[in-house]
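Visitor: Give the three-dimensional model of this entry:
(4 chains)
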2 protein chains.
Amino acid sequence: MFKKAKQTRVFQDVVEQIQDAILNGKLEPGSKLPPERTLKDIFNTSRGTLREALRVLEQKGLIDIKLGVAGGAIVKRIDAEPIIESLALLIRSGEVSLEHISEFRIKIEGSMMELAAEHAKKKDIQELESLFNEAKAFYNNNEWENFLKTDEKMHTHIGMMTRNPIFRFVQKSIHDNIHRYYAEHLSMNKKRALENLTDFKKIIAALKINDAKTASSIIMDHVKRFSDKMQKNR
Amino acid sequence: MFKKAKQTRVFQDVVEQIQDAILNGKLEPGSKLPPERTLKDIFNTSRGTLREALRVLEQKGLIDIKLGVAGGAIVKRIDAEPIIESLALLIRSGEVSLEHISEFRIKIEGSMMELAAEHAKKKDIQELESLFNEAKAFYNNNEWENFLKTDEKMHTHIGMMTRNPIFRFVQKSIHDNIHRYYAEHLSMNKKRALENLTDFKKIIAALKINDAKTASSIIMDHVKRFSDKMQKNR
DNA sequence: ATAATTAAATGGTTTAACCATTATAACAAA
DNA sequence: TTTGTTATAATGGTTAAACCATTTAATTAT
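Guide: I've put the predicted structure just below:
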């Protein structure tokens, strides 16, 4: 029925005003806020209070602070950063385990593959094929670091194909945290790389005949294999 | 290869120390930090700098601040709040639309239903049946507000049944934001309520025979119907 | 026993100064 | 002229000391 009554802290009022300006597009990404000493006059507050507001905006991922002459608060383009950090806290606190993330990731990548298949345009399939050939070349040369990068690019492109930014943000949040906390250094070998290549070949084939379920099922196995390997390696 | 070099701001060092203590469990949820005037001495910094650190910790959802005597910073139990707020920013910025959220929600609830079915214990099904009967009673009395609350409880319980906190957090983030920005006041009627009841009856039946795919497919339709209704109402 | 008042702890804000970093301008050297 | 060095000033980061505002607890009055 009722909402929480508003707090009366001055810095929160400042946060809301600047945040609203950013979210309404009155302040564009890349644009610079006035210096602290000017802002404090605009909002009729002290520099300390103003700086507390800037800390909050910074933590929300709405601004970056640059030092020195021509420095100051710069409006950021909104991205997955705050979600990545929130997930990181859940992991570090032990609230969420590698098994939890792996299970979630399998379901998410499966769902994304279905959507991607539904939206697949000729150009998307061409892009995936081009990435596939890139990966194949790295496979032939045993360039595992580059192979993994291309593998990631394929996942990312499938994310783009969903045409849904939430999936992209969630995908990136999972990916970044897995690599930050569980798989900093991945080992690869010819056998596993070939399995991955084969998966993507099958996925592309399935996309061409609009077989969303098959594509989804393949990528879920693909991700599961990666997860199992990772859990064995710990 | 390399990581971003650490910033040299004093308040960030304070944030990290307190954050680590919380995440390592050295500071338990509910426990109170010393007053600002003591903390500033402990960290050998000024009160202004210390307060900037507290703002960051507050924004991360790690502490709450209470005013007055016996007030101060209280360690919070980690929850979905920061993720909810991040998603809220994506929505308010226009980066994410109702259609995006609806599509995401359908896939998530479908995935959750599959996992819930896999983990379903007799007690879970009993709980769902009890909620079903509660909803039926509200249906008979045309108590729509209570009906919707029970409907939500059923979804939440399915979230619990996944045994995976990420799904619960994501589910709550979607739910809270949909109701904050798109469906503050839901209208219900006998026809739609009956459809919902029927869905849950079928879901429970599917769970009893361990038919995860059917249960999942029903709840996806169920959520889709809700989304369509919501989008028509705007 | 109850209500009103006072005191003290604690977060919130202000002011004024100084320190640290960095882009730019001015200058010096090749 | 070009290139490297040095000074300048803009701007964020930090500090110190004071006062204000809220809230709990103790005290006092009814």
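Visitor: what does the helix or strand harbouring residue A:145 contact?
Guide: According to DSSP states H and E, residue A:145 maps onto helix A:144-161. Applying C-beta atoms under 8 Å, 6 or more residues apart in numbering or on different chains, the contact partners of helix A:144-161 are A:109, A:112-113, A:115-116, A:119-120, A:124, A:127-128, A:131-132, A:134-135, A:138-139, A:167-168, A:171-172, A:175, A:186-189, A:193, A:196, A:200, A:219. Where C-beta positions appear, they are placed from N, C-alpha and C, glycine not excepted.
Visitor: Now, the residues you listed that are in helices?
Guide: Among the contacts of helix A:144-161, the residues falling in helices (DSSP state H) are A:109, A:112-113, A:115-116, A:119, A:124, A:127-128, A:131-132, A:134-135, A:138-139, A:167-168, A:171-172, A:175, A:193, A:196, A:200, A:219.
Visitor: Could you list which of these also contact chain B?
Guide: A:115, A:167 (C-beta under 8 Å from any C-beta of the partner chain).
Visitor: Put the buried members of the ones in helices among the contacts of helix A:144-161 into a ChimeraX selection.
Guide: Applying 16 or more other C-beta atoms under 10 Å in any protein chain shown to the ones in helices among the contacts of helix A:144-161, the buried members can be selected in ChimeraX as follows:
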select /A:109,112,113,115,116,124,127,128,131,132,134,135,138,139,167,168,171,172,175,193,196,200,219
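Visitor: Next one: residue A:218 from residue A:203, what distance?
Guide: 5 Å (C-beta to C-beta, to the nearest Å).
Visitor: Compute the number of surrounding residues for the closest residue in space to residue A:53 that isn't next to it in sequence.
Guide: Counting by C-beta to C-beta, 6 or more residues apart in numbering or on different chains, residue A:53 lies nearest to residue A:14, which is 3.8 Å off, once chain neighbours are set aside. Counted by other C-beta atoms under 10 Å in any protein chain shown, the residues lying close to residue A:14 total 24.
Visitor: Please apply the same query to the one 5 residues further on.
Guide: A total of 20 residues lie near residue A:19 under the criterion other C-beta under 10 Å.
Visitor: so it makes contact with residue A:63?
Guide: No. With contact defined as C-beta atoms under 8 Å, residue A:19 does not count as touching residue A:63 (9.6 Å).
Visitor: Which neighbours do the two have in common?
Guide: By C-beta under 8 Å, 6+ apart, the residues touching both residue A:19 and residue A:63 are residue A:57.
Visitor: Tell me who's in contact with the nearest residue to residue A:170 once chain neighbours are set aside.
Guide: Once flanking residues are discounted, residue A:170 sits nearest to residue A:108: 6.0 Å by C-beta to C-beta, 6+ apart. Residues counted as contacts of residue A:108 (C-beta under 8 Å, 6+ apart) are A:167, A:170, A:171, A:174, B:107, B:111.
Visitor: Distance check, the residue nearest the centre of chain A against residue B:66.
Guide: Central residue of chain A (C-alpha atoms, centre = their mean): residue A:172, 2.4 Å from the mean position. For residue A:172, the distance to residue B:66 (C-beta to C-beta) stands at 36 Å.
Visitor: Give me every residue in chain A lying close to DNA strand C.
Guide: Selection of chain A residues close to DNA strand C by C-beta under 7 Å from any atom of the strand yields A:9-11, A:44-49, A:52, A:67-71.
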